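Q: pasted the sequence and its predicted model underneath.
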Amino acid sequence: MRPLDNAIAAMADDLADWRHTLHRAPELCYEETRTAAFVAEKLRAFGFDAVETGIGGTGVVGVLHGASGPGDEARTILLRADMDALPIMEATGKPYASETPGKMHACGHDGHTTMLLGAARRLADTRGFDGTVVFVFQPAEEGGAGAKAMLDDGLLERYPARAVYGLHNWPGMAVGQFALREGPAMALADEFTIEIEGKGGHAARPELTHDPIVAGAALVQALQTIVSRRVVATEPAVLSITVFQAGSAHNVIPSTARLGGTVRVFDKATHALIVEEIERKCAQIGAAYGVSIRYSAGREPYPPVVNDPAQTAFAAEVLRGLAGAENVTLGHPPVMGGEDFAYLAEKRPGVFVFMGNGDTAPLHHPEYDFNDAALPVGVAYWSKLVETALPRAA
């Protein structure tokens, strides 16, 4: 990693303090009122040209014009950070650990918000660009489709932009390193529930029952053949059963069982095929075991994140200038996790970048914590991206 701008390096203590403040008070999907207020207060203090709250529920938008005043859509770009936390009991033991039992920033959105705030302060101080930057602090990335909610609330109609940019910290990658890829970068993420209704009874008289547990076990096995036997071998796909609930007594065969799971793919046609196969196997297993099996889709699945080739090449060049070519991986393997930045990237050319968080616990883990050492690095990336995308006139 090359040396950071002195002014950005000098922000390190403030950045850590901001993040720790956010980390202590995690808020779940669409509950981010304190976080949004914190963000809006900072943006106004930085002297932003406009700050709007309540977009898409609890979203915040800040608008910053460069040295020559407002830019048209061709001279406007959008930077996005997510703000929400997860329903996980924190186990980091940090002095700034969550003060809300059962909620924590286990995905680093406190860090994402802080880095974008840091870039907001730096760019507001310098105005070292020509055009307009739209800073988007988004709610409800963790399953709530906050990006879609902000778009449905007129985000791009109110703040037209030519391109959109996002990032996510990546445990296991060294601080100061970055990775990205053009094309499909993160998966379409679906959820589903399967309800099995049989006939319960005494565990000593199974012949008088239609056992939903046995049917559910057979269905779980059958579903695992969909990816291996129905999906083209070269097409990445995951089908995982993550919930199996049935019964509450050792001597009672229950009447019902419930399965839940997720599908991850990069191609919408493959997703449709997998859903069709799930429904077919539910019908077949139900008939074979004399039970009723009903498949229900969950929330609307996040689309895959598809990075625009030109924006990917541009971001890679910015990162090479910032961190050195040896610290930038272009062609990072696709990630099967989902990310609602995909909605923004469907509307405008965009790119989603991974940045190193060092040797930390994995995302969504009770011991995970965003690495404070990465905060100035993220600020430097956002700042350099803006200054390169919207250069001052010679």
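A: Perfect, thanks for sending it.
Q: what sits against the most centrally placed residue in the chain?
A: Note on the chain: the residue nearest the mean C-alpha position is E339, at 3.6 Å, using C-alpha atoms, centre = their mean. E339 makes contacts with 141, 166, 168, 186, 189, 302, 305, 352, as judged by C-beta atoms under 8 Å, 6 or more residues apart in numbering. (C-beta placed from N, C-alpha, C; glycine too.)
Q: how far away is it from V305?
A: Separation of E339 from V305 (C-beta to C-beta, to the nearest Å) stands at 5 Å.
Q: and the strands in the stretch 151-300 of the chain?
A: Residue ranges of the strands in the stretch 151-300 of the chain, as given by DSSP state E, counting those that start in this stretch, are 163-170, 178-180, 183-186, 188-197, 201-202, 237-246, 252-253, 256-265, 292-297.
Q: now render those as a markdown table, adding distance to H364, mean neighbour count and mean pLDDT.
A: Converted to a markdown table, those look like this (distance: least, C-beta to C-beta, whole Å; neighbours: other C-beta atoms under 10 Å; pLDDT from 0 to 100):
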| stretch | distance to H364 | mean neighbour count | mean pLDDT |
| --- | --- | --- | --- |
| strand 163-170 | 12 | 25 | 98 |
| strand 178-180 | 19 | 23 | 98 |
| strand 183-186 | 15 | 21 | 96 |
| strand 188-197 | 13 | 20 | 95 |
| strand 201-202 | 40 | 14 | 98 |
| strand 237-246 | 13 | 16 | 97 |
| strand 252-253 | 35 | 18 | 98 |
| strand 256-265 | 13 | 21 | 97 |
| strand 292-297 | 23 | 16 | 97 |
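Q: which of these sits closest to L78?
A: With distances scored as C-beta to C-beta, the stretch of these nearest to L78 is strand 163-170 (4.6 Å).
Q: same for that closest one, what does it pack against?
A: Identification of packing neighbours for strand 163-170 by 3 or more C-beta pairs under 8 Å, 6 or more residues apart in numbering; DSSP states H and E yields strand 76-82, helix 109-126, helix 309-323, helix 341-347, strand 350-356, helix 375-389.
Q: ok, it: who's next to it in the sheet?
A: strand 76-82 (parallel), strand 350-356 (parallel) (DSSP bridges).
Q: quick one: closest of those strands to P362.
A: strand 350-356 (13.5 Å).
Q: outside of that closest one, which residues touch it?
A: With contact meaning C-beta under 8 Å, 6+ apart, strand 350-356 is reached by 163-170, 173-180, 185-186, 305, 307-308, 311-312, 314-315, 319, 332, 335, 339, 341, 344-345, 374, 377-378, 381.
Q: and the protein, what are its domains?
A: Following the assignment in automatic domain parsing, the chain carries domains at 6-185+304-389, 188-297.
Q: would you tell me which one of those is buried the most?
A: Stretch with highest mean neighbour count among those: domain 6-185+304-389 (a mean of 20; mean count of other C-beta atoms under 10 Å).
Q: ok, F48 touching V63?
A: Yes - using C-beta atoms under 8 Å, F48 is in contact with V63, at 6.4 Å.
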